[in-house]
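Participant: kindly generate the corresponding structure for this input.
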Amino acid sequence: MTRSKEVTIERHELTIVRSGQFRALPVSPQRGGCSVCEQEALWLAAEAAAIYSGLSRREIYRRIENGTLHFQEMTDGIVQVCLTSLAGTDP
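Facilitator: Residues are numbered from 1 along each chain as shown. The predicted model follows:
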């Protein structure tokens with residue numbers, strides 16, 4: 001008689017991106033309301049959004065400035081981008 005054993009492995013991963021000021025930026029999206037979309041949205045630090053989208057940081061900020069990307073500035077100075085608006089833009 002052979003015996004078998006089932007093993008389940010659960011893995012959690014968190015990636016940290018460091019900006020020029022050496023602040024740790026969470027790259028896991030945070031949920032919150034977007035006043036422009038007028039709906040619940042996922043938010044990601046602008047630097048992390050650049051990495052995930054393949055755009056340069058400058059292009060992310062350019063799109064924020066021209067109103068293409070929705071953003072919010074946190075009290076600690078980190079700029080977050082609405083991922084709904086990021087998904088709706090062309091690379």
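
Participant: residue contacts, residue 30?
Facilitator: Contacts for residue 30 (C-beta atoms under 8 Å, 6 or more residues apart in numbering) come out as 42-44, 80. Where C-beta positions appear, they are placed from N, C-alpha and C, glycine not excepted.

Participant: narrow those residues to those in strands?
Facilitator: 42-44, 80 (DSSP state E).

Participant: between those, which sits nearest residue 32?
Facilitator: Among these, residue 43 lies closest to residue 32 (C-beta to C-beta), at 5.5 Å.

Participant: that closest one and residue 36, how far apart?
Facilitator: 12 Å (C-beta to C-beta, to the nearest Å).

Participant: what's the answer for residue 56, then?
Facilitator: From residue 56 to residue 36 the distance is 23 Å (C-beta to C-beta).

Participant: out of the two, which sits in the busier spot?
Facilitator: The neighbour comparison of residue 56 against residue 36 (other C-beta atoms under 10 Å) goes to residue 36, with 14 against 10.

Participant: quick check: the more buried one touching residue 82?
Facilitator: Yes - if you go by C-beta atoms under 8 Å, residue 36 and residue 82 touch, sitting 7.1 Å apart.

Participant: overlap in contacts of the two?
Facilitator: Joint contacts of residue 36 and residue 82 (C-beta under 8 Å, 6+ apart) are residue 70.

Participant: what's residue 42 in contact with, if anything?
Facilitator: Per C-beta under 8 Å, 6+ apart, neighbours of residue 42: 29-31, 82-84.

Participant: return the member of those nearest to residue 75.
Facilitator: Distances from residue 75 to these, taken by C-beta to C-beta, are shortest for residue 30, at 13.9 Å.

Participant: quick check: pLDDT value at the closest one.
Facilitator: With respect to pLDDT, residue 30 has a value of 83.

Participant: ok, so what distance separates it from residue 62?
Facilitator: For residue 30, the distance to residue 62 - C-beta to C-beta - is 23 Å.

Participant: rewinding a little: sort the ones in strands among the contacts of residue 30 by pLDDT and name the bottom one.
Facilitator: Where pLDDT dips furthest among those: residue 42, at 89.
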